[in-house]
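Trainee: Mind looking at a prediction? Sequence and model below.
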Amino acid sequence: MLETTSLSLLFFILFILLVFSAFFSSSETALMSLNRYRLRHLESEGHAGAIRASQLLERPDRLIGLILLGNNFVNIFASAIATIIGVKLYGENGVLIAGSILTLIVLLFAEVTPKTLAALHPERVAFPASFILKPLLFILYPLVLFTNAITNRLLALFGVSASDSSSSAINREELRIALMEAGSLIPKRHKKMLVSILDLEKMTVNDVMVPRNEIEGIDINASTADIIKQLSYCNNSRLPVYADSMDNVIGILHVRKALHLLAENNLTKDTLNGIVKQGYFVPESTPLNKQLIQFQRHRRRTGLVVDEYGDILGLISLEDIFREIAGEFTADLIDEDKDIHPQKDGSYLINGSANIREINRNNNWSLPTNGPKTINGLILEFLESIPDPGVSLRIEDYIIEVVQTANNTIRTVRIRNVESHRETS
């Protein structure tokens with residue numbers, strides 16, 4: 001019958017078959033290239049194309065079976081049509097000519113081009129295609145099921161089950177990469193905050209706490225006048241209250257409540273003891289993400305960090321954790337005036353007790369933080385002795401000069417970032 005068909009009709013049929021071949025090829029690539037998380041988002045918003053595409057992808061074996069059935073059918077049929085056209089035009093030599101030309105046409109216009117387009121714009125191809133593939137799957141379901149049954153048997157010979165599929169869930173590191181590759185879709189500052197939240201698991205309260213020697217507290221045994229003076233000039237909202245030394249902590253005082261008593265001329269040691277809240281103690285190895293949850297669960301904002309023997313090492317507050325996520329909240333919190341002093345030559349004079357994480361955050365540096373928490377501790381660990389003033393050392397990309405020492409500690413250092421110095425030179 002096809003031998004008696006006119007050439008114009010045969011060319012038209014061949015064209016239609018190539019269009020279908022391009023459709024099946026692009027549909028397969030587009031559906032498999034869809035971002036599954038964006039697909040779920042669009043599906044939750046009621047996007048019809050996304051809903052149909054998601055339904056098709058629930059059983060990828062059936063989807064691939066349907067697409068390959070359709071693609072192979074139209075390609076084989078197209079090959080038969082091209083052969084007839086070749087014989088009509090060139091006789092017996094037309095078979096080879098038609099096969100060669102059809103291979104090139106299929107490769108360019110029914111495989112490479114549509115698949116490249118689908119890979120670049122999967123949603124624009126997959127969603128409209130799903131409106132055709134969904135009813136087509138229903139029509140050809142028995143044939144697809146039969147094909148898949150044979151395929152699954154063959155896979156079983158190699159120990160592979162069609163029900164096996166890798167989880168679409170992503171771990172923390174994969175989520176980090178996804179955030180970093182989000183580009184302009186997420187503002188840079190928001191991206192940094194999200195990555196910081198992921199990093200909370202890597203840090204413990206020991207990394208961000210206020211060291212014991214820097215804790216501001218109230219000695220309940222001090223004179224009332226001294227306590228009132230301290231409360232009047234206090235910069236913190238909550239203070240630990242102790243008797244004689246920090247080893248005898250009584251609890252945590254909400255400064256605003258104490259000032260309220262002071263305004264009523266009712267501030268005495270008895271009334272002060274009455275508003276002191278029982279101390280909340282935190283093990284030094286507690287990860288920050290867990291401590292954030294613990295603060296919420298216990299409705300606390302401040303905790304005293306203790307070691308395995310119960311000795312107080314420092315103080316951790318909710319603000320300290322938030323600072324790790326969002327950075328400094330106000331200019332008053334930045335340590336430039338206290339610990340970090342920029343110099344005209346590009347170096348920085350830094351107090352030895354300065355926290356390394358604070359320095360990194362303020363200067364956008366990357367001094368090592370997996371060991372000691374302060375510059376003093378970092379240098380002592382590196383040199384394994386107390387250096388004399390004038391001693392210089394290099395740690396990674398930073399040249400550190402010891403400027404001043406006193407009482408077996410390093411008081412002041414000068415730090416220069418080698419990479420930054422090269423860029424400005």
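Mentor: The structure has been received and is ready for your questions. Numbers count the residues shown, from 1 in each chain.
Trainee: mean confidence score for the host helix or strand of N72?
Mentor: Element membership of N72, judged by DSSP states H and E, is helix 60-90. In this model, helix 60-90 has a mean pLDDT of 88.
Trainee: now stretch 45-55
Mentor: Taken as a whole, stretch 45-55 has a mean pLDDT of 90.
Trainee: Distance from it to the middle of the chain?
Mentor: Distance, stretch centre to chain centre, for stretch 45-55: 27 Å (Cα atoms, centre = their mean, to the nearest Å).
Trainee: how about that stretch as PDB, C-alpha atoms only?
Mentor: Taking C-alpha atoms only, stretch 45-55 is exported to PDB below (Å, rounded to 0.1, in the frame of the first residue of the first chain):
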ATOM      1  CA  GLU A  45       0.600  25.500  44.500                       C
ATOM      2  CA  GLY A  46      -1.700  23.600  42.200                       C
ATOM      3  CA  HIS A  47       0.200  23.900  39.000                       C
ATOM      4  CA  ALA A  48      -1.500  21.400  36.600                       C
ATOM      5  CA  GLY A  49       1.600  20.600  34.600                       C
ATOM      6  CA  ALA A  50       3.600  20.000  37.700                       C
ATOM      7  CA  ILE A  51       1.000  17.700  39.100                       C
ATOM      8  CA  ARG A  52       0.800  15.600  36.000                       C
ATOM      9  CA  ALA A  53       4.600  15.500  35.700                       C
ATOM     10  CA  SER A  54       4.900  14.500  39.300                       C
ATOM     11  CA  GLN A  55       2.400  11.700  38.800                       C
END
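Trainee: Next up, the contacts around A222.
Mentor: For A222, the contact set (Cβ atoms under 8 Å, 6 or more residues apart in numbering) comprises Q230. (Each C-beta comes from the backbone N, C-alpha and C, glycine too.)
Trainee: What of the one 4 residues further on?
Mentor: Counting by Cβ under 8 Å, 6+ apart, D226 touches D219.
Trainee: one more time with 7 Å
Mentor: The contact partners of D226, by Cβ atoms under 7 Å, 6 or more residues apart in numbering, come to none.
Trainee: Distance of it relative to D219?
Mentor: The gap separating D226 from D219 is 8 Å, by Cβ to Cβ, to the nearest Å.
Trainee: Repeat that for N148.
Mentor: Distance from N148 to D219, by Cβ to Cβ: 78 Å.
Trainee: shaky segments in the protein?
Mentor: Applying pLDDT under 70 to the chain picks out residues 1-5, 162-169, 183, 328-338, 420-425.
Trainee: which stretches of it form strands?
Mentor: Ranges of strands in the chain, per DSSP state E, are 210-211, 218-219, 238-243, 245-254, 277-278, 281-283, 302-306, 312-317, 340-342, 348-351, 392-395, 398-406, 409-417.
Trainee: and the nearest residue to L34 once chain neighbours are set aside, how many neighbours?
Mentor: Nearest residue to L34 in three dimensions, chain neighbours excluded: P122, at 5.1 Å (Cβ to Cβ, 6 or more residues apart in numbering). By other Cβ atoms under 10 Å, 21 other residues sit near P122.
Trainee: Quick one: residues contacting the residue most central in space within the chain.
Mentor: Centroid check for the chain by Cα atoms, centre = their mean gives R176 as the closest residue, at 2.7 Å. Counting by Cβ under 7 Å, 6+ apart, R176 touches V195, L198.
Trainee: One more: D207?
Mentor: With Cβ under 7 Å, 6+ apart, D207 has these contacts: R357, K373.
Trainee: Pull up the gap between it and T271, please.
Mentor: With distances taken as Cβ to Cβ, D207 is found 37 Å from T271.
Trainee: again, but for I101
Mentor: Taken as Cβ to Cβ, the span from I101 to T271 is 99 Å.
Trainee: So I350 versus A406, what's the distance?
Mentor: I350 is 15 Å from A406, where distance means Cβ to Cβ.
Trainee: Hmm, I typed the wrong one, I wanted I139.
Mentor: I139 sits 87 Å away from A406, going by Cβ to Cβ.
Trainee: One more: V255?
Mentor: The value you get for V255 to A406, if Cβ to Cβ is used, is 33 Å.
Trainee: okay, the two: which has more neighbours?
Mentor: Shown here are V255 and A406; by other Cβ under 10 Å, V255 has more neighbours (16 against 10).
Trainee: thought the more buried one was touching L239?
Mentor: Yes. Under the criterion of Cβ atoms under 7 Å, V255 makes contact with L239 at 6.1 Å.
Trainee: Got phi/psi on L267?
Mentor: phi -90, psi 110 (degrees, to the nearest 10).
Trainee: which residues touch it?
Mentor: L267 neighbours (Cβ under 7 Å, 6+ apart): I228, A258, L261.
Trainee: Would you mind checking these for buried ones?
Mentor: Buried by 16 or more other Cβ atoms under 10 Å: A258, L261, out of these.
Trainee: which among the contacts of L267 gets closest to N360?
Mentor: A258 (35.3 Å; Cβ to Cβ).
Trainee: Relative to L120, how far out is that closest one?
Mentor: If you go by Cβ to Cβ, the gap between A258 and L120 works out to 65 Å.
Trainee: cool, D339 as well?
Mentor: The gap separating D339 from L120 is 51 Å, by Cβ to Cβ.
Trainee: out of those two, which sits in the busier spot?
Mentor: Shown here are D339 and L120; by other Cβ under 10 Å, D339 has more neighbours (21 against 12).
Trainee: Quick check, that one in contact with N351.
Mentor: Yes. Taking Cβ under 7 Å as the definition, D339 is a contact partner of N351 at 4.4 Å.
Trainee: Now stretch 262-275: buried residues?
Mentor: Across stretch 262-275, burial judged by 16+ other Cβ under 10 Å covers L262, L267, L272, I275.
Trainee: which two in these are spaced the farthest apart?
Mentor: L262 and I275, at 11.4 Å, using Cβ to Cβ across the buried residues of stretch 262-275.
Trainee: quick one: the helices in the stretch 1-150 of the chain?
Mentor: Secondary structure of the stretch 1-150 of the chain (DSSP state H, counting those that start in this stretch): helices located at 7-33, 36-44, 48-57, 60-90, 94-105, 113-120, 122-139, 141-157.
Trainee: need those in JSON lines with distance to Y309, can you?
Mentor: JSON lines is the format used below for the helices of the stretch 1-150 of the chain (distance: least, Cβ to Cβ, whole Å):
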{"stretch": "helix 7-33", "distance to Y309": "57"}
{"stretch": "helix 36-44", "distance to Y309": "47"}
{"stretch": "helix 48-57", "distance to Y309": "56"}
{"stretch": "helix 60-90", "distance to Y309": "57"}
{"stretch": "helix 94-105", "distance to Y309": "79"}
{"stretch": "helix 113-120", "distance to Y309": "61"}
{"stretch": "helix 122-139", "distance to Y309": "59"}
{"stretch": "helix 141-157", "distance to Y309": "60"}
